[in-house]
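Novice: model this:
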Amino acid sequence: SPEGSKSCTFCPLGTYASSEGMSECTSCPGGYHTTQAIASESINDCICGLGSYESDSSTSPVVCTACPTHSNTTSINSQVASACYCENDMYMSEDYSECITCPEGSSTSGSGKVGVQHCLCDKGEYMPIGASGCLSCA
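Specialist: This next block holds a predicted model:
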């Protein structure tokens, strides 16, 4: 390249450069933010990353809230609390505020369940409504 010319480097994910020719990239603010692509040009390109969701879209950048402990999201830029899903053998509370372990002797058939009704007892057992665990059918 000719003497004195500069090569451009795109800002990586989670950062932006607000004007062309900047020598440094600015990180998106804390609180689970990222960007959808490299070479972002504005703080408005900052979105919620994995494990968080958009809790206030009226601000710029948006306000991101972490999913409850033991939960995650399947993609970036989630916009509602219901995008958070719990690990296997746990279920999400009806208000999406916490992951709760299934009662003893029961498990879920996968992740992402909402409500204790998704906790299934082992073969030969059942869980009465309102019970705190599985009971034997015998």
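
Novice: okay, which residue is most central for the chain?
Specialist: Closest residue to the average C-alpha location of the chain: residue 51 at 2.2 Å, with Cα atoms, centre = their mean.

Novice: how many residues are close by residue 72?
Specialist: By the criterion of other Cβ atoms under 10 Å, residue 72 has 17 neighbours. The way it works is simple: take the backbone N, C-alpha and C, and place the C-beta from them, glycine included.

Novice: just residue 52 next, same as before
Specialist: Other residues lying near residue 52 total 24 when counted by other Cβ under 10 Å.

Novice: hmm, back to that, got a list of what the residue nearest to the centre of the chain touches?
Specialist: 32, 66-67, 71-73 (Cβ atoms under 8 Å, 6 or more residues apart in numbering).

Novice: ok, of these, which come out buried?
Specialist: 32, 67, 71-73 (16 or more other Cβ atoms under 10 Å).

Novice: could you list the low-pLDDT ranges of this protein?
Specialist: Low-confidence segments of the chain, defined by pLDDT under 70: 1-7.

Novice: let's see it at 80
Specialist: 1-8, 19-23, 31-32, 57, 59-61, 130-132, 138 (pLDDT under 80).

Novice: can you give me the helices for it?
Specialist: Using DSSP state H, no helices are found in the chain.

Novice: what about the strands in this protein?
Specialist: 15-16, 26-27, 33-35, 46-48, 52-56, 63-66, 71-72, 85-86, 90-92, 99-101, 106-107, 120-121, 125-126, 135-136 (DSSP state E).

Novice: next, format those as a markdown table and append distance to residue 8.
Specialist: As requested, the strands of the chain are arranged in a markdown table below (distance: least, Cβ to Cβ, whole Å):
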| stretch | distance to residue 8 |
| --- | --- |
| strand 15-16 | 14 |
| strand 26-27 | 16 |
| strand 33-35 | 17 |
| strand 46-48 | 21 |
| strand 52-56 | 31 |
| strand 63-66 | 29 |
| strand 71-72 | 35 |
| strand 85-86 | 39 |
| strand 90-92 | 45 |
| strand 99-101 | 44 |
| strand 106-107 | 53 |
| strand 120-121 | 56 |
| strand 125-126 | 64 |
| strand 135-136 | 67 |
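
Novice: which among the ones you listed is found nearest to residue 113?
Specialist: Closest of the strands of the chain to residue 113 is strand 90-92, at 4.5 Å (criterion: Cβ to Cβ).
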